[in-house]
Every structure is written in structure tokens, then in C-alpha cells.
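Got a sequence here, can you model it:
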Amino acid sequence: MANTSPHRCSWANGDDALMAKYHDKEWGVPQRDPRMLWEMLVLEGFQAGLSWRTILHKREAFRKAFADFDPAKVARFTPGKVERLLADPGIIRSRAKIEATIAAARIYNDMQAQGEDFADFCWSFTKGKVLKGDGRTLPAETPLSQEISKELKRRGFKFVGPVIVYAWMQAVGIVDDHASGCFRRKA
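Purely as a prediction, here's the structure:
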């Protein structure tokens, strides 16, 4: 029987249906929802030192643990909540990353309170346009991810180095890095 699956980027091939679904429906699709952009930035930070597969398989547990990534709720997390999260086997139990998430929620809320929409901020670096990779190479970071990283750090975000930021840019569709033969590249 012939293989009828579409040609995907090499990282999404294999027997992991969740990775294939993420690739097919989400990765590289321009995301304009500010809360979702923030969620993905947080998850990319949690991924530091780990594989995206690990984070993706824990994503629903992360959503439950972090109040569906509602920045207003996460910003109110207490030290007791941090301790409970450190005991939650469903997520990555890193105190630094958990505390960085709570701080990031506060920064997000402060931006909103000052009239700065997080989505507008995220997309301002490309003037709202999707950047297109060449379809052959996947850089770890770019001058633009370095610039965005620097600005996020200036605002107080943590776990937002240029490599993490570039992976986030790919995930939320600020850059389309689907491989040249991938069926999603033309979408």
C-alpha cells in the first residue's frame, strides 16, 4: 500500500502523531492572538535544554497548571502556587522557568495596561509581515531574533535568548521555515 501522508518537514516525520498534527495545523501559521503568542513564548522558554516533543506532550498539563495561560491569573500566582507547580509531574519542574513565567505574565499585563498590545509588539519587528525562510536551511538564530531577544530581555522577560526567540518566531509564523518540499510551505 502506498504512503499517502503528505510530505512534511523532516522534524515532523516519524511515528509521533502529535508532532505531525502540530506541524500540519499550527507550526508556522501566523498567530495574531496576544495570549497565544505569550503562551508559545513561555513554552519555548520551558523547552530550553529539552526537545519540543517533550513540551508538546506536556502541553495540556502546562495549560492546566498555568490557568490556560491566562496572564491575569498567572500574574497572581503565589509562592505557595510555585511550590505546588514544582511538585507537578505533568510539567517541567524548574523553579527558574516557573518564576520566569509568572514574571512574564506581569510584564504582559503591564504592557496591556499601558495600551501596548502584545501581538502588536510581537509583529512590530516585521511590520506585520511573515518572513519566508529559504526552505533549505534552518538557522538557530538570526539578527532579528537577536534584536527581539534583546528587547524582551530589556523588558524583563527571561528564557528569551536569540535561539529560543527564533524557535518561537517559527512556531507562531512570524517566519515561515517550512522545508521547500513540505506541503505546508505554500499554505
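
what's the burial count for residue 82?
Using other CB atoms under 10 Å, the number of residues around residue 82 comes to 14. C-betas here are computed from N, CA, C, even on glycine.

show me what contacts it?
Listed by CB atoms under 8 Å, 6 or more residues apart in numbering, the contact partners of residue 82 are 95, 98, 99, 102.

and if we set it to 6 Å?
Under the criterion of CB atoms under 6 Å, 6 or more residues apart in numbering, the neighbours of residue 82 are residue 98.

again, but for residue 53
By CB under 6 Å, 6+ apart, residue 53 lies in contact with nothing.

can we see that at 7 Å?
When the contact criterion is CB atoms under 7 Å, 6 or more residues apart in numbering, the partners of residue 53 are 16, 19.

buried sites along the helix or strand encompassing it?
Using DSSP states H and E, the element containing residue 53 is helix 52-65. Neighbour-count burial for helix 52-65, counted by 16 or more other CB atoms under 10 Å, picks out 52, 55, 56, 58, 59, 62, 63, 65.

Residue 88 is in contact with the fourth one, correct?
No. In terms of CB atoms under 7 Å, residue 58 does not count as a neighbour of residue 88; the distance is 9.9 Å.

ok, back up a step: what's the next secondary structure element after the helix holding residue 53?
helix 71-74.

outside of that next one, which residues touch it?
Outside of helix 71-74, the residues within contact range by CB under 7 Å, 6+ apart are 35, 38, 66, 67, 101, 102, 105, 108, 109.

Return the subset of those residues lying in helices.
Of the positions in those, 35, 38, 101, 102, 105, 108, 109 sit in helices, assigned by DSSP state H.

host element of the spatially most central residue of the chain?
With distances taken as CA atoms, centre = their mean, the residue of the chain nearest its centroid is residue 40 (2.6 Å). Residue 40 belongs to helix 34-47 when elements are defined using DSSP H and E.

gap between residue 57 and residue 184?
Distance of residue 57 to residue 184, given as CB to CB, to the nearest Å: 21 Å.

For the protein, give me the ranges with low pLDDT.
Within the chain, the stretches with pLDDT under 70 are 1-4.
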